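>>> Fold the following, please.
(chains A and B)
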Number of protein chains: 2
Amino acid sequence: MAKGSVIIVSGPSGVGKGTIVKAVVEKRSDMFLSVSCTTRAPREGEIPGKSYHYISEEEFKKKIEENYFLEWECYVGNYYGTPLSPVLSAMEEGKSTILEIEVGGAFQAKRRYPDAVLVFVVPPSFRELKQRLETRDAGNEVAIAAIEKRMARALEEYEKIKDYDYIIVNDNLEEAIENLETIINAGSLLVKNNKEEIEKIKNN
Amino acid sequence: MAKGSVIIVSGPSGVGKGTIVKAVVEKRSDMFLSVSCTTRAPREGEIPGKSYHYISEEEFKKKIEENYFLEWECYVGNYYGTPLSPVLSAMEEGKSTILEIEVGGAFQAKRRYPDAVLVFVVPPSFRELKQRLETRDAGNEVAIAAIEKRMARALEEYEKIKDYDYIIVNDNLEEAIENLETIINAGSLLVKNNKEEIEKIKNN
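The predicted structure follows:
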């Protein structure tokens, strides 16, 4: 990807977008993965400061007022937001940024970075997605109760896929990781990401 | 690439787009490379029926009248055109088609196939392009005399690059081949090329 590009990865809760994104960022030193703030409770296995910055709703609302976020939204009762300043620092260093954000936030970020590449991760089927959520949240009654709500939200968001550039079906994880890398690599070949290079070739 | 997609590869004469395209098609059985008709004389090393179908200007003009071509144009005094029927056959077989065509023809083809992906192959510099043409055409006085014309045309066409999707700099051949494959692979992940798949996932 050309220096300082933005790749936005969305997809329904439970689809595994976080795993794909993390695998790609671990492989590539030219990518920066933004860590979001959230007001939801940490899930098992999540690491504060790495998975999310866990903050209170009061703190979150204060940060909104301070223009702390590149984008933020309220999703199934919890707030999520991308801190702006780490993204700006990464771009100054010439890194590309991956934002893993929900659909509403994705379009907010796209307005700020019109050349951002939008990627939507989907399950092999919606039936499979529901099963994954049930497995993930087994034993957590509050989360289980929210599954129907999440599924309804997922179906609603799915309609927005037409405004995305790329789709990745997360059937086989290795393949999904490879596909995200292909998208990033193709992004670096887009004409709109090579305007300076194109001028240079003409004048030499 | 989704079944039956069209990838259009353009670039100035002498940039090596033919070599890149042939290498990719040899590697992949899911791609069909269209062979154009031309009224220009065969160059050394070119194979009739494989490099081009060499036909007379009279024949060419007759074929234009018969709607034989998907696109055609007159380029630096010679006619070039893509026969339509082999492309239709390949697409019926579920193959994707690569068209190696000049800028004018590329936009004609894009009007017919609006989802076609447009790729522009460029030299590392225009100075380098001129040297390549001088080497390639050494000993051929007619071709050498046409180099200035070709360079002027190349610069003129270069302005159209902004209407293309991707750019490949043909500096290192292996890398250029890999980049075309990346573009083809990313193309198969475009939302617009997966409309049926997207519906299927929702309903399952």
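>>> so what's A:V24 up against?
Contact analysis of A:V24 by Cβ atoms under 8 Å, 6 or more residues apart in numbering or on different chains lists A:M31, A:I98, A:I177, A:L180, A:E181, A:I184. No exception for glycine: its C-beta is placed from N, CA and C like everyone else's.
>>> Name the helix or strand for it, please.
Using DSSP states H and E, A:V24 sits in helix A:17-27.
>>> Quick check: what element follows that helix along the chain?
strand A:31-33.
>>> where's that following strand relative to the chain centroid, distance-wise?
11 Å (Cα atoms, centre = their mean, to the nearest Å).
>>> tell me the mean pLDDT for it?
For strand A:31-33, mean pLDDT rounds to 92.
>>> following that strand, which helix or strand comes up?
Following strand A:31-33 in sequence, per DSSP H and E, is strand A:37-38.
>>> Just to be sure, A:V9 is in a strand?
Yes - looking at A:V9 with DSSP: H, G, I helix; E, B strand; the rest coil, it is inside a strand.
>>> Could you report the pLDDT at it?
Reported pLDDT for A:V9: 97.
>>> and if you look at A:K3?
57.
>>> quick revisit: ok, and for the helix holding A:V24, which residues are buried?
By 16 or more other Cβ atoms under 10 Å in any protein chain shown, the buried positions in helix A:17-27 come out as A:K17, A:I20, A:V21, A:K22, A:A23, A:V24, A:V25.
>>> Among the contacts of A:V24, name the ones in strands.
In strands, defined here by DSSP state E, the members of the contacts of A:V24 are A:M31, A:I98.
>>> Of the contacts of A:V24, which is the most crowded?
A:I98 (27 neighbours; other Cβ atoms under 10 Å in any protein chain shown).
>>> close enough to count as contact, that one and A:R28?
No - with contact defined as Cβ atoms under 8 Å, A:I98 does not count as touching A:R28 (9.7 Å).
>>> Can you show me the helices along chain A?
A:17-27, A:57-65, A:84-92, A:103-112, A:126-136, A:141-145, A:147-158, A:173-187, A:195-202 (DSSP state H).
>>> Who does A:I98 form a beta bridge with?
Judged by DSSP bridges, the bridge partners of A:I98 are A:I7, A:L33.
>>> Against A:D30, how distant is it?
11 Å (Cβ to Cβ, to the nearest Å).
>>> picking up where we left off before, the contacts of A:V24 into TSV, with extra columns for distance to B:S13?
Shown next, in TSV, are those (distance: Cβ to Cβ, whole Å):
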residue	distance to B:S13
A:M31	38
A:I98	40
A:I177	40
A:L180	37
A:E181	34
A:I184	32
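>>> tell me which of the contacts of A:V24 is nearest to A:A109?
A:I98 (11.2 Å; Cβ to Cβ).
>>> Now for chain A, the helix or strand with the poorest mean pLDDT.
Averaged element by element with mean pLDDT, DSSP states H and E, chain A has its least confident helix or strand at helix A:141-145 (a mean of 82).
>>> quick one: buried residues of that one?
For helix A:141-145, the neighbour count (16+ other Cβ under 10 Å) marks A:A143 as buried.
>>> What of stretch A:128-147?
A:E128, A:L129, A:K130, A:R132, A:L133, A:R136, A:D137, A:A143, A:A146, A:I147.
>>> what sits up against stretch A:194-204?
Outside stretch A:194-204, the residues within contact range by Cβ under 8 Å, 6+ apart are A:2, A:188, A:191, B:122-128, B:155, B:158, B:161, B:167, B:169.
>>> how about the residues of chain A that lie near chain B?
A:120, A:122-128, A:155, A:158, A:161-162, A:164-169, A:179, A:182-183, A:185-186, A:189-191, A:194, A:197-198, A:200-204 (Cβ under 8 Å from any Cβ of the partner chain).
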